[in-house]
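Enquirer: need a structure here:
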Amino acid sequence: MGGGQKRKATYADLEAVPPHLVAELVDGELHVSPRPALPHARAAGRLNSQLDGPFDQGHGGPGGWLLLFEPELHLGEDVLVPDLAGWRRERMPEMPQVVGVTLAPDWVCEVLSPSTAVLDREKKTRVYAREGVRHLWLVDPLRRELEVYGLEEGRWRRLGTHAGQEQVHAEPFTPLRLELGLLWAR
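Expert: Numbering: from 1, shown residues only. Now for the predicted structure:
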């Protein structure tokens, strides 16, 4: 019976994963990753620090966003944990008091690691497109690169690739001059 068919993973499978690991459900499969290496953690933290003040808190910028670090997203049957995600305040006026957010973000950032890059670039980006996430950033701390995408007619269109020490204005946060060099600083 079944002839080698895999059992579809459930949220109970995700909950059974030890807390020091990152667990996600994508296309019925459980994906378990180690905590990010230091270059990954540094890039995510530095990016969050550049965006949080002007966009979430409205200090020195336009405000209007709710930004979260590693939120658990419940998108259909998929459970994803992007490195950063943001919702425009008109869509999510207040942060819900839940573990898993069911409202798709307006912006998602995945910081790539060698162990998760294929999952982040392929399966997760398809889920984000399906759910109507408007903006996607892929940050590669080893290549010191930022890829910016916008969703058009259900497909990702690359809006730009930036690298090294560039200072960029990237959608949807174009009022900010993002200093890429800070993401890779040792």
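Enquirer: go ahead and confirm residue 151 touches residue 131.
Expert: No: look at residue 151 against residue 131 with Cβ atoms under 8 Å: they stay out of range, at 9.7 Å. For every residue, glycine as well, the C-beta is placed using N, CA and C.
Enquirer: mind telling me what element residue 183 is part of?
Expert: Using DSSP states H and E, residue 183 falls within helix 181-184.
Enquirer: buried stuff in the lengthiest helix in the chain?
Expert: Taking DSSP state H as the criterion, the chain has its longest helix at helix 38-51. Neighbour counts over helix 38-51 (16 or more other Cβ atoms under 10 Å) mark 39, 40, 42, 43, 44, 46, 47, 48, 50, 51 as buried.
Enquirer: and it, what's its mean pLDDT?
Expert: Mean pLDDT, computed over helix 38-51, is 95.
Enquirer: which other helices and strands contact that helix?
Expert: Judged by 3 or more Cβ pairs under 8 Å, 6 or more residues apart in numbering; DSSP states H and E, helix 38-51 is in contact with strand 65-69, strand 84-88, strand 107-111, strand 135-140, strand 178-179, helix 181-184.
Enquirer: can I get the buried residues of helix 38-51 in CSV including distance to residue 118?
Expert: Shown next, in CSV, are these (distance: Cβ to Cβ, whole Å):
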residue, distance to residue 118
39, 18
40, 15
42, 22
43, 18
44, 19
46, 24
47, 21
48, 24
50, 27
51, 26
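Enquirer: ok, of the residues you listed, which one's closest to residue 107?
Expert: residue 51 (9.2 Å; Cβ to Cβ).
Enquirer: contact partners for that closest one?
Expert: 65, 67, 84, 86, 173, 176 (Cβ atoms under 8 Å, 6 or more residues apart in numbering).
Enquirer: excluding sequence neighbours, find me the nearest residue to the third one.
Expert: In space, residue 84 comes closest to residue 109 once its chain neighbours are excluded; the distance is 4.1 Å by Cβ to Cβ, 6 or more residues apart in numbering.
Enquirer: who does that neighbour form a beta bridge with?
Expert: residue 84, residue 137 (DSSP bridges).
Enquirer: can you report how many residues neighbour it?
Expert: 24 (other Cβ atoms under 10 Å).
Enquirer: mind checking pLDDT for it?
Expert: So, for residue 109, pLDDT stands at 98.
Enquirer: confirm for me that it is in contact with residue 137.
Expert: Yes: at 4.2 Å, residue 109 counts as touching residue 137 under the criterion of Cβ under 8 Å.
Enquirer: picking that back up, nearest to residue 146, out of the helices and strands packed on helix 38-51?
Expert: Going by Cβ to Cβ, the one of the helices and strands packed on helix 38-51 nearest residue 146 is strand 135-140, 5.4 Å.
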